[in-house]
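[1] sequence first, predicted coordinates after that:
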Amino acid sequence: MKLATLKDGSRDGQLVVVARDLASAHYATGIASRMQQVLDDWGFMSPQLQDLYDALNAGRARHAFPFDPAQCMAPLPRAYQWADGSAYLNHVELVRKARNAEVPASFYTDPLMYQGGSDDFIGPCDPVVVASEAFGIDFEAEITVVTGDVRMGATAAQALDGIRLVMLANDVSLRNLIPAELAKGFGFFQSKPATAFSPVAVTPGELGEAWQGGRVHLPLQSTWNGRKVGMCDAGEEMTFHFGELIAHIAKTRNVRAGSIVGSGTVSNKGVEKKGRMEWPKGYSCIAEKRCIETIQDGQPSTEFMKYGDTIRIEMKDADGQSVFGAIDQEVVAAS
């Protein structure tokens, strides 16, 4: 099934069930009013929401209305935890190669993760508000999952069973703030402002054969200022699947219902053509493009985002239908 949260003036919005084709929706008020309620009592509430979803798709839902992504908050407008990984090690390899550094062997066996702010997410069509262009504004197209309760010490297989929903994310990064923060040895903070998520969150079962081994085997499209810059395969080259990422968190703590776990920038390997490395599937963040340019030409030439720039992040199924709806944002100055 597909779920979303509509703006109603409150912090947590109003839960709705969305049709498979994203054309219509229905309030879930008789079952639950907020997404976190469902995550807290998934076993009881999800079958009821599934019945409503089936009725909506069959045209039997009495109070259906047109679905408007512009009216959406993040599906889970605030969360108990937002932990983002770097599961596509090609991205790490490119960053390291661009500065002539080796990737430590441990990176291939132990996932990289950081904890982001989870008190203030933004909707899929809300602007990206930044105080200065000099911060180095970048988009990052990612896959994320929302968990139920996962106990401390859970295996990767057990952690997979704890996944309730799948979403897309734009994990906005302020690249020029990152070096000074990392130099302090405590990781990202100011360089990671509010994250945006897709209009719709879907259950793994809704993805059908595209959901295999804790990975989403579909291309992730990134369109910057109207030009498609990324068509990256989110499945095959994901080094650590979502079960492994969740199990990494659960090594020393319980993971509670309503935790969001991110894949990191979706990234694909390059291919050699006539003695030169090329990346035909493009990129899911500008930093990666700049690394590619450094590897190819000795220095980056693509600038980071400016005020007025737009970014659209979307995933379509084998039939060309949007799965999660699109993140479609404009970068604006803080007022």
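    That came through fine.
[2] residue 89 versus residue 108, what's the distance?
    Distance of residue 108 to residue 89, computed by Cβ to Cβ, to the nearest Å: 7 Å. Every residue, glycine included, has its C-beta placed from N, CA and C.
[3] now do residue 305
    25 Å.
[4] please apply the same query to residue 221.
    Residue 221 is 22 Å from residue 89, where distance means Cβ to Cβ.
[5] helices along the stretch 51-200 of the chain, start to end?
    Taking DSSP state H, counting those that start in this stretch to define them, one finds helices in the stretch 51-200 of the chain at 89-98, 156-161, 178-183.
[6] of these, which is nearest residue 54?
    Closest approach to residue 54 among the helices of the stretch 51-200 of the chain (Cβ to Cβ): helix 156-161, 23.2 Å.
[7] which residues are in contact with that closest one?
    In this structure, residues lying in contact with helix 156-161 by Cβ atoms under 8 Å, 6 or more residues apart in numbering are 147, 150-151, 214, 241-247, 250, 255.
[8] how far does it sit from the chain's center?
    Distance of helix 156-161 from the chain centroid (Cα atoms, centre = their mean, to the nearest Å) equals 19 Å.
[9] residue closest to the middle of this protein?
    Among the residues of the chain, the one closest to the centroid is residue 169, at 2.6 Å (Cα atoms, centre = their mean).
[10] distance of it relative to residue 241?
    17 Å.
[11] and what of residue 47?
    27 Å.
[12] and these two? which has more neighbours close in?
    When residue 47 and residue 241 are compared for neighbours, residue 241 comes out ahead with 20 against 10, by other Cβ atoms under 10 Å.
[13] my read: that one touches residue 213, true?
    Yes - using Cβ atoms under 8 Å, residue 241 is in contact with residue 213, at 5.6 Å.
[14] what's the burial count for residue 256?
    15.
[15] same deal with the one 5 residues further on?
    With neighbours defined by other Cβ under 10 Å, the count for residue 261 comes to 27.
[16] which parts of stretch 218-232 are buried?
    218-224, 229-232 (16 or more other Cβ atoms under 10 Å).
[17] narrow the residues you listed to those in strands?
    219-224, 229-232 (DSSP state E).
[18] can you say which two of those are spatially most distant?
    Greatest spacing in these, by Cβ to Cβ: 219 and 224 (16.0 Å).
[19] so which residues make contact with stretch 99-113?
    With Cβ under 8 Å, 6+ apart, stretch 99-113 has contacts from 83-87, 89, 92-93, 96, 239-240, 244-245, 248-249, 264, 294.
[20] make it 6 Å
    83, 85-86, 92-93, 96, 240, 245, 248 (Cβ atoms under 6 Å, 6 or more residues apart in numbering).
[21] can I get that stretch in PDB? Just the C-alpha atoms.
    The C-alpha coordinates for stretch 99-113 follow below in PDB (Å, rounded to 0.1, in the frame of the first residue of the first chain):
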ATOM      1  CA  ARG A  99      41.900  13.300  -3.600                       C
ATOM      2  CA  ASN A 100      44.300  10.400  -4.200                       C
ATOM      3  CA  ALA A 101      43.400   8.500  -1.000                       C
ATOM      4  CA  GLU A 102      42.700   4.900  -0.400                       C
ATOM      5  CA  VAL A 103      39.500   3.500   0.900                       C
ATOM      6  CA  PRO A 104      40.200   1.700   4.200                       C
ATOM      7  CA  ALA A 105      39.500  -2.000   4.100                       C
ATOM      8  CA  SER A 106      37.000  -1.800   7.000                       C
ATOM      9  CA  PHE A 107      34.700   0.300   4.800                       C
ATOM     10  CA  TYR A 108      33.800  -2.800   2.900                       C
ATOM     11  CA  THR A 109      32.700  -4.800   6.000                       C
ATOM     12  CA  ASP A 110      31.400  -2.200   8.400                       C
ATOM     13  CA  PRO A 111      28.800   0.400   7.200                       C
ATOM     14  CA  LEU A 112      29.400   4.100   7.400                       C
ATOM     15  CA  MET A 113      26.500   5.900   9.200                       C
END
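[22] right, I'll leave it there.
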